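>>> What follows is a predicted structure for the sequence shown.
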Amino acid sequence: MHWPFCAAKCPYCDFNSHVHRGPFDEDAFVENYITEISQTAILVPDRTVKSIFFGGGTPSLMQPQSVEKIINAIATKWQLANDVEITLEANPTSVEREKFQAIQMAGVNRVSLGVQSLRQGPLEKLGRLHSVEDAIAAVKLAQEIFPRVSYDLIYARPEQTLDEWRDELNEALDLAREHISLYQLTIEAGTRYYDLFHAGKLKMPDAELSAQFYELTQEICEARGLPAYEISNHAEPGQESQHNLIYWHYGEYAGIGPGAHGRLLIEGQRHATSTERMPFKWAEYVSQKGDGFVEFEALSKGEQGDEYLLMGLRLKTGISPERFEKLSGIPLRQEQIDHLKEIGFVEMLANGNLRVTDQGFTVLDAVVADLAA
Ligand SMILES: C[S@@+](CC[C@H](N)C(=O)[O-])C[C@H]1O[C@@H](n2cnc3c(N)ncnc32)[C@H](O)[C@@H]1O
Ligand code: SF4
């Protein structure tokens, strides 16, 4: 469920997020989610929903009753698994006790908070509207109210040193419970950071320093009992996010809301869907034709194989070569695997899966491109 609104646009972020000023009829906007859910359920009936993820944007800006209406609509159209994971992304500026409690009552059982940094100067440079104290208070409040809580940090930031990150990460792990997401800052086209970077005004770590940041992060998190299960996600064993795992295991998911992507199996054929990005244009499409799809495409075998590699190789459990062959219709090329093994970028696991090594993770895009080519 993509909620596309934010209080302000962060200069590094290229998510489909919009700052809306002026009147806003949230109830009417939410009706479109309910319509799109009904329409999607016609395409993929009889499913058990294992995870619902309110992402954004800033879903913690939603009224709790909007969250509740959407969860109820999903429960009406599909079966919810007994242990369904229902996550909502929250921004430390838009949470308070009563709101969190109401969101929990609506059915949300997991919160993911965008903390980004535990240092005031960097937070300001990242354009965040909250202080370090606000962020810590939000995490602690969430931990009181929700059974599962994760939070996001961004590292390998301009000017950051390894020693500074070591201290910040250790503090972050003191605060964290069972899950944390640690993202290396990436410069995305179309953002303010992109312009600053290309004007020479943001000094980003070079490839070697980035690799050191990554390795240090793995070392500390492993020693503290939160090993990586994916390139940027760390959890106590058993506390991995189901939502994330569905993506990376190349499962089936419906993307509802503006700018949401889905992968739906319709009569055995995997389809890619995506919806109109502009919130009010999306709403208009949904009220006219029942959904906001601007893409609805059957994926070829080759495309499915490539997507499986792109997703699955992010996981520590790796990919199954048999599943790759089933999806793509051709086996992985042995000489490519041998070459990547030789230079230490991939390894075979006892269960026959192929996975990227820690060293390979520092150049993951290149490894994926090599195997997919
Ligand atoms: C949709 S946002 C999170 C929720 C909420 N809007 C917030 O910012 O608190 C998902 C996460 O992606 C990460 N992120 C966004 N842009 C990034 C970038 N350019 N580089 C690295 N991480 C990024 C941030 O950690 C952010 O919390
Ligand atoms: S990082 Fe979060 S709050 Fe900032 S613009 Fe992106 S989605 Fe919005």
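Received it, and whenever you're ready, just let me know what you need. Ligands and ions are numbered 1, 2, ... in the order given.
>>> Any chance you could list what contacts stretch 363-373?
Contacts of stretch 363-373 with the rest of the structure, by C-beta atoms under 8 Å, 6 or more residues apart in numbering, involve 231, 305-306, 309-310, 313-314, 332-333, 336-337, 339-340, 345-346, 356, 360. For the C-beta atoms, the positions are set from N, CA and C on the backbone; glycine is no exception.
>>> correction: stretch 270-288
2, 4-5, 16, 18, 20, 28-29, 32, 35-36, 254-265, 291-299, 303-304.
>>> From those residues, which land in helices?
28-29, 32, 35-36, 303-304 (DSSP state H).
>>> Please name the nearest non-neighbouring residue to the closest residue to ligand 1 within the stretch 201-350 of the chain.
Using C-beta to the nearest ligand atom, Ser232 is the residue of the stretch 201-350 of the chain that sits closest to ligand 1, at 8.2 Å. Closest residue in space to Ser232, ignoring its immediate chain neighbours: Tyr183 at 5.0 Å, by C-beta to C-beta, 6 or more residues apart in numbering.
>>> CA atoms only for the helix or strand containing the one you found, dumped as PDB, please.
Using DSSP states H and E, Tyr183 sits in strand 179-184. Taking C-alpha atoms only, strand 179-184 is exported to PDB below (Å, rounded to 0.1, in the frame of the first residue of the first chain):
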ATOM      1  CA  HIS A 179      15.500  -5.700  13.300                       C
ATOM      2  CA  ILE A 180      17.300  -2.800  11.700                       C
ATOM      3  CA  SER A 181      17.700  -1.600   8.100                       C
ATOM      4  CA  LEU A 182      21.100   0.000   7.300                       C
ATOM      5  CA  TYR A 183      21.300   1.700   3.900                       C
ATOM      6  CA  GLN A 184      24.400   3.100   2.200                       C
END
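>>> wait, doesn't the residue of the stretch 201-350 of the chain closest to ligand 1 sit right on Ile180?
No - Ser232 is beyond contact range of Ile180, at 9.6 Å (criterion: C-beta atoms under 8 Å).
>>> who's more crowded, the two?
Higher neighbour count among Ser232 and Ile180: Ile180, with 25 against 18, using other C-beta atoms under 10 Å.
>>> so that one makes contact with Leu169?
No - Ile180 lies out of contact with Leu169 (C-beta under 8 Å); the separation is 9.1 Å.
>>> Between those two, which contacts overlap?
Counting by C-beta under 8 Å, 6+ apart, the residues touching both Ile180 and Leu169 are 153, 221.
>>> hang on, the earlier thing: so who does the residue of the stretch 201-350 of the chain closest to ligand 1 touch?
Contacts for Ser232 (C-beta under 8 Å, 6+ apart) come out as 181-184.
>>> go with 10 Å
By C-beta atoms under 10 Å, 6 or more residues apart in numbering, the contact list for Ser232 reads 152-153, 155, 180-184, 214, 217, 244, 314, 361.
>>> Asn82 reaches Thr48, doesn't it?
Yes - shown here, Asn82 and Thr48 form a contact pair, counting by C-beta atoms under 10 Å, at 9.5 Å.
>>> So the two - more neighbours on which side?
In this view Asn82 and Thr48 are compared by other C-beta under 10 Å, and Thr48 has more residues nearby, 10 against 6.
>>> now that one: how far from Gly255?
For Thr48, the distance to Gly255 equals 18 Å [C-beta to C-beta, to the nearest Å].
>>> Buried subset of the ones in helices among the contacts of stretch 270-288 as a ChimeraX selection?
In ChimeraX, this line selects whichever of the ones in helices among the contacts of stretch 270-288 come out buried by 16 or more other C-beta atoms under 10 Å:
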select :29,32,35,36,304
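>>> got the ones in helices among the contacts of stretch 270-288 as TSV, with distance to ligand 1 and pLDDT columns?
Shown next, in TSV, are the ones in helices among the contacts of stretch 270-288 (distance: C-beta to the nearest ligand atom, whole Å; pLDDT from 0 to 100):
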residue	distance to ligand 1	pLDDT
Ala28	23	98
Phe29	18	98
Asn32	20	98
Thr35	24	98
Glu36	20	98
Glu303	26	96
Gln304	26	96
